[in-house]
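Engineer: The amino acid sequence is not available; the structure is as follows:
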């Protein structure tokens, strides 16, 4: 199936641990994103990559480090997890990045990874 | 910077009745606007988009939205709600380099 797939679907871990979330898209898109959805369902962009190059970093703590080995993959590594990191993390992709105030290429989202830090 | 406000956090309708989800935006120039839907435990799916073409935009599943510059609104409507429409709906505005999501509106559809 053509899609954006992210693993794992659920991730429960303790404070201080390091964890990774993987994302892959087989849509042939050039741009990939990570979004964070908090408990109030508010969605905020964290990162975006275009052809493996970082183009958006939205004041995310250094403990979060995205890695894009190729344009079909964008993984998210989180060091020293904190309680406040608990959220649902969504990977997404699009054909072209958002440019200026014009954006025509829809985002395709994965099904999310629910991270719970205890 | 652009912003978007969804005026209702929760909307409840009966099956077969019209749906109206309200969205106001703030933009210093002509924006691109979108509606996304999120079903439980799923990712977001694009319903429709406005990109300065026709002001009345038709989307999937019978939804449509009208861009009204004078009112800075982009309300989402559907003539007749179906049980499968129950979900979270997000109004989205483009900002240089990224998309800005509204707070979301939960649509409940009662039998």
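Structural biologist: Looks like it came in fine. Bear in mind the structure is a predicted one, so any value in this text is a computation, not a measurement.

Engineer: Can you get me a residue count around residue B:21?
Structural biologist: 24 (other C-beta atoms under 10 Å in any protein chain shown). Heads up, the C-betas are built off the backbone N, CA and C, glycines and all.

Engineer: how many neighbours does the spatially closest residue to it that is not a sequence neighbour have?
Structural biologist: Ranked by C-beta to C-beta, 6 or more residues apart in numbering or on different chains and with sequence neighbours excluded, the top spatial neighbour of residue B:21 is residue B:76, at 4.3 Å. Here the number of neighbours of residue B:76 (other C-beta under 10 Å) works out to 24.

Engineer: Model confidence score at residue B:76, please.
Structural biologist: Here, the pLDDT recorded for residue B:76 equals 98.

Engineer: how near is residue B:52 to residue B:30?
Structural biologist: In this view, residue B:52 and residue B:30 are 6 Å apart by C-beta to C-beta, to the nearest Å.

Engineer: quick one: the longest strand seen in chain B near chain A?
Structural biologist: Assignment by DSSP state E gives strand B:87-95 as the longest strand of chain B. Yes: judged by C-beta under 8 Å from any C-beta of the partner chain, strand B:87-95 comes into contact with chain A at B:88, B:90, B:94, B:95.

Engineer: dump the residue contacts of the residue of chain A found nearest chain B.
Structural biologist: Chain B sits closest to residue A:109 of chain A, with a gap of 3.2 Å, by C-beta to the nearest C-beta. Taking C-beta atoms under 8 Å, 6 or more residues apart in numbering or on different chains as the contact definition, residue A:109 lies against A:4, A:35, A:90, A:91, A:92, B:43, B:44, B:45.

Engineer: what's the nearest residue to it if we skip its chain neighbours?
Structural biologist: Nearest non-adjacent residue to residue A:109, counting by C-beta to C-beta, 6+ apart: residue B:43, 3.2 Å away.

Engineer: number of nearby residues for that neighbour?
Structural biologist: Using other C-beta under 10 Å as the criterion, residue B:43 is surrounded by 21 other residues.

Engineer: which neighbours do residue B:52 and residue B:30 share?
Structural biologist: Taking C-beta under 8 Å, 6+ apart as the contact criterion, no residue touches both residue B:52 and residue B:30.

Engineer: Establish whether the helix or strand bottoming out on mean pLDDT in chain B and chain A are in contact.
Structural biologist: Taking mean pLDDT, DSSP states H and E as the measure, the helices and strands of chain B show their lowest mean at strand B:98-101, namely a mean of 83. Yes: against chain A, strand B:98-101 shows contacts by C-beta under 8 Å from any C-beta at B:98, B:99, B:101.

Engineer: Direction included, what does that strand pair up with?
Structural biologist: With DSSP bridges as the criterion, the sheet partners recorded for strand B:98-101 are strand B:87-95 (antiparallel).

Engineer: Show me the shaky parts of chain A.
Structural biologist: For chain A, residues meeting the criterion pLDDT under 70 lie at A:1-2, A:97-104.

Engineer: which residues of it fall in strands?
Structural biologist: A:4-7, A:10-13, A:19-25, A:31-37, A:43-50, A:53-57, A:64-67, A:75-78, A:87-94, A:108-109, A:113-117.

Engineer: Need those strands in a markdown table (columns: distance to residue B:9).
Structural biologist: As requested, these are arranged in a markdown table below (distance: least, C-beta to C-beta, whole Å):
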| stretch | distance to residue B:9 |
| --- | --- |
| strand A:4-7 | 27 |
| strand A:10-13 | 26 |
| strand A:19-25 | 28 |
| strand A:31-37 | 15 |
| strand A:43-50 | 15 |
| strand A:53-57 | 28 |
| strand A:64-67 | 28 |
| strand A:75-78 | 29 |
| strand A:87-94 | 18 |
| strand A:108-109 | 21 |
| strand A:113-117 | 21 |
